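*Asks:* Kindly generate the corresponding structure for this input.
(2 chains)
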Amino acid sequence: MTPLLSVEDLRVSFATEEGVVQAVDGVTFDLAPGEVLAVVGESGSGKSVTAMTLMGLTRSPNARFEGTAHYKGTELIDASEEELRRVRGAEIAMIFQDPMTSLNPVVKIGAQIVEQIQEHEGLPDQQARERTVELLERVGIPRARDRVDDYPHEFSGGMRQRVMIALALSCDPSVLIADEPTTALDVTIQAQILQRIRELREETGAAVVLVTHDLGVVADIADRIAVMYAGRIVEEGTLDEIFYDPQHPYTWGLLGSITRVDRPRPERLPAIPGLPPSLADRPEGCHFRPRCPHEFAECVKVPPLEARVAGQAQHLDRCWLPADEKKVRREIQPGEIGLAAKEGTPA
Amino acid sequence: MSVAASNGGERLVEVDHLKVFFPIKQGVLLEREVARVHAVNDVTLSIAEGETLGLVGESGCGKTTMSRAIMRLIDSTEGAIHFRGRDVTKAGRKQMEPLRREMQMVFQDPFASLNPRKRVGQIIGMPLRLHGTARTQVEPQVRELLGKVGLHEEHVNRFPHEFSGGQRQRIGVARALALEPRLIVLDEPVSALDVSVQAQIINLLDDLQDDFKLTYLFVAHDLSVVRHVSDRIAVMYLGKLMEVSPAEELYTKPIHPYTSALLAAIPIPDPRENRRRERIVVSGEPPNPINPPSGCVFHPRCPRATDICREIEPPLARYPDGHLAACHHPLHVSEAEIRATQKDPSSPHSSGDELPTVSAAAATASTP
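*Replies:* The predicted structure is shown next:
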């Protein structure tokens, strides 16, 4: 299947007082129609900058871009503002993390959605308003017809995030970029929103790029995962490949450090020692090297992102350790970095 | 650090039928009180010396208000809070001063809770100076504290912006430790941090508790992190206690449907398990604490609610092992356990005497 969105060797750097910050360093991925790709990483891994660059939201005099991002024949990275405006909202829409600050507080929510519909499709007022009410109903806002004329402050956090989703869906986009869509919400509300995103994706067939740090959310919704660390994708594969046959020691650490409520609690929480590197001063070679307990001589060279596991052609990673060596190393004492022993290969 | 400590150990903090209401006023000259936000609505619980009590609930449930009332950062409306036998709610400024030494707080946001224009040494040294440590003594103590929380002594002259989120939270912990308190209130201390760093801070808090014989009140918005530190966990909803339980038991045997919903809402980082698991998504949102629902405050969202839930507020019923739950239709309990329950004295004054019955539990057992 031809990819809907194809990002190739994307590099984004910012000139700052501390020097050049390489926020994104050679990110390559494809997004197929209808799939959910999760981009996972901690703060400063470049996941949000990647997502925002696709929408042209990181442009500034201090930013430098290299690489390409093709969307249905449009090149997004050096598109003109005019071209971007046509794509944004209509073809690629974004849901932001913080529903409290992403809506205009002095404009009624209905008017904010109507504006977007009219901008892209030029519908008459009445029709645009009808469509807005429908959208609000679809994302699960009760009494949508009455609430369309309310201001953002009259909604709770969960309801505002639903308004954001309605806004994003208003012009039937083919790609939805969701940047930590549930991080600011309570767990019971998070579960509602995730379920809604799942349902909407089935109804509309939109592809989703989900940017998050929460592997629990990922396990719930993603088809494919790209794990980012210090500006690079360090591992990429299907949901099951990443969870049941992870190849990169950073992925082991991430998976190992999540708390699970459905299992007995461990004596001590496994933590990855050290801190992520500063993006202005990253270690040579593999960026994870200083925190990695499995570091060896080869690691001073940058490992390319390639398939290293037999029989998993689409499972890519950046680690010099041989695949069978990794199998042994990640099965270690509970509490240390990495996963507990897991039998069998992914289904 | 054991559950027994909660029953046998000396009680450090005793919260007794605490109510904290915030008045909503209207009018310019003559402000009339038109309504009240029922932030904490008749909560009774205690924290034993050396114990960690996890306090869990969603935004607006009153968990932060309660922790601030214990610290006397806000005034209570009714009820009492005893800290080592002395009533905090009625203590004046003078009487609070020696108590403040013994209770410290670590805040949620490590970016907002450190003064950006002060050096680390000044930040950590300030409580020492305020409580009368000689100037020359402050710096050696600060250096020692830095070592204890896993930072370097050289960091003493740096500013907060030179540190990452996790390191800043360590500075916040060092400041809280400076006066050798007995109680530390941790208000979501790791929720602003990355997962790999969260574990570091949790493990640090665990070590410090053993080294300094600390008592923790750990406030959290969900049940995942709090499990690793708590001896007991209290679940709050809309200003009321729903369930109080020994920590591990809450995860294997949640009695209150709200606790069970909170657990079910946490996504499990295991795709196969996730596909197998039946997800119960609680609909709706927490109601407005200005007009809390009648009866059980959770009834409008509860899948098990019946008529009695709408009319009579359930008392905190006592189950084995000091497990309390305020529910007419408890989950995961045997018939014998239901028959043996008693109304706990910590139940709110407004609650009824109706304890769960076997027939009521059976009637709703089929509904998920």
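
*Asks:* Would you mind listing what in the stretch 51-200 of chain B touches chain A?
*Replies:* B:58-59, B:164-167, B:194-200 (Cβ under 8 Å from any Cβ of the partner chain). From N, CA and C alone the C-beta is placed, and that goes for glycine too.

*Asks:* repeat that with 10 Å
*Replies:* B:57-61, B:163-167, B:191-200 (Cβ under 10 Å from any Cβ of the partner chain).

*Asks:* Put the buried members of those into a ChimeraX selection.
*Replies:* In ChimeraX, a selection of the buried entries from those looks like this (16 or more other Cβ atoms under 10 Å in any protein chain shown):
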select /B:57,58,60,61,163,164,165,166,167,192,193,194,195,196,197,198,199,200
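
*Asks:* Which parts of the stretch 151-300 of chain A are helices?
*Replies:* Ranges of helices within the stretch 151-300 of chain A are A:157-169, A:187-204, A:215-221, A:239-244, A:249-256, based on DSSP state H, counting those that start in this stretch.

*Asks:* Please identify the most buried of the ones you listed.
*Replies:* helix A:249-256 (a mean of 26; mean count of other Cβ atoms under 10 Å in any protein chain shown).

*Asks:* Tell me if it is near chain B.
*Replies:* Yes. With Cβ under 10 Å from any Cβ as the criterion, chain B is reached by helix A:249-256 at A:250, A:253-256.

*Asks:* As a markdown table, these with pLDDT would be great.
*Replies:* Compiled in a markdown table, the residues of helix A:249-256 next to chain B are given as follows (pLDDT from 0 to 100):
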| residue | pLDDT |
| --- | --- |
| A:Tyr250 | 92 |
| A:Gly253 | 86 |
| A:Leu254 | 87 |
| A:Leu255 | 85 |
| A:Gly256 | 81 |
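
*Asks:* who does the spatially most central residue of chain A bridge with?
*Replies:* By Cα atoms, centre = their mean, chain A has its centre lying nearest to A:Val211, at 1.7 Å. For A:Val211, the beta-bridge partners under DSSP bridges are A:Val39, A:Asp179.

*Asks:* Where does the stretch 1-150 of chain B get nearest to chain A, residue-wise?
*Replies:* B:Glu58 (4.0 Å; Cβ to the nearest Cβ).

*Asks:* contacting residues for that residue?
*Replies:* A:185-189, B:221-222, B:236-238, B:258, B:262, B:265, B:285-286 (Cβ atoms under 10 Å, 6 or more residues apart in numbering or on different chains).

*Asks:* again, 8 Å this time
*Replies:* Going by Cβ atoms under 8 Å, 6 or more residues apart in numbering or on different chains, B:Glu58 touches A:186-189, B:221, B:237, B:262, B:286.

*Asks:* residue boundaries of the strands in the stretch 201-347 of chain A?
*Replies:* Secondary structure of the stretch 201-347 of chain A, counting by DSSP state E, counting those that start in this stretch: strands at A:207-212, A:224-229, A:232-238, A:306-307, A:316-317.

*Asks:* SS state for the residue of chain A positioned farthest from its centre?
*Replies:* Centroid-distance maximum for chain A: A:Gln126 at 35.6 Å, with Cα atoms, centre = their mean. What DSSP: H, G, I helix; E, B strand; the rest coil gives for A:Gln126 is helix.

*Asks:* Could you measure from it over to A:Ala111?
*Replies:* 14 Å (Cβ to Cβ, to the nearest Å).

*Asks:* Just the pLDDT for residue 158.
*Replies:* If you meant another chain, say so; for now it's chain A. At A:Gly158, the predicted lDDT confidence score is 84.

*Asks:* Hmm, no, I was thinking of chain B.
*Replies:* Looking at B:Arg158, its pLDDT stands at 93.

*Asks:* And for it, nearest residue in space, chain neighbours not counted?
*Replies:* B:Val120 (5.5 Å; Cβ to Cβ, 6 or more residues apart in numbering or on different chains).

*Asks:* what's the neighbour count on the one you found?
*Replies:* 24 (other Cβ atoms under 10 Å in any protein chain shown).

*Asks:* And A:Gly311, by the same measure?
*Replies:* 8.

*Asks:* ok, it to A:Glu241 distance?
*Replies:* As for A:Gly311, its distance to A:Glu241 is 11 Å (criterion: Cβ to Cβ).

*Asks:* same deal with A:Leu4?
*Replies:* From A:Leu4 to A:Glu241 the distance is 21 Å (Cβ to Cβ).

*Asks:* got it, and A:Arg263?
*Replies:* The gap separating A:Arg263 from A:Glu241 is 22 Å, by Cβ to Cβ.

*Asks:* picking up where we left off before, dump the contacts of B:Glu58 to JSON lines, plus pLDDT.
*Replies:* Converted to JSON lines, the contacts of B:Glu58 look like this (pLDDT from 0 to 100):
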{"residue": "A:Asp186", "pLDDT": "83"}
{"residue": "A:Val187", "pLDDT": "85"}
{"residue": "A:Thr188", "pLDDT": "85"}
{"residue": "A:Ile189", "pLDDT": "84"}
{"residue": "B:His221", "pLDDT": "88"}
{"residue": "B:Tyr237", "pLDDT": "95"}
{"residue": "B:Leu262", "pLDDT": "91"}
{"residue": "B:Pro286", "pLDDT": "84"}
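
*Asks:* Between which two of these is the distance greatest?
*Replies:* With Cβ to Cβ as the measure, no two of the contacts of B:Glu58 lie farther apart than A:Ile189 and B:Tyr237, at 13.8 Å.

*Asks:* quick one, helices of the stretch 51-200 of chain B?
*Replies:* B:63-70, B:93-102, B:120-130, B:135-148, B:165-177, B:195-212.
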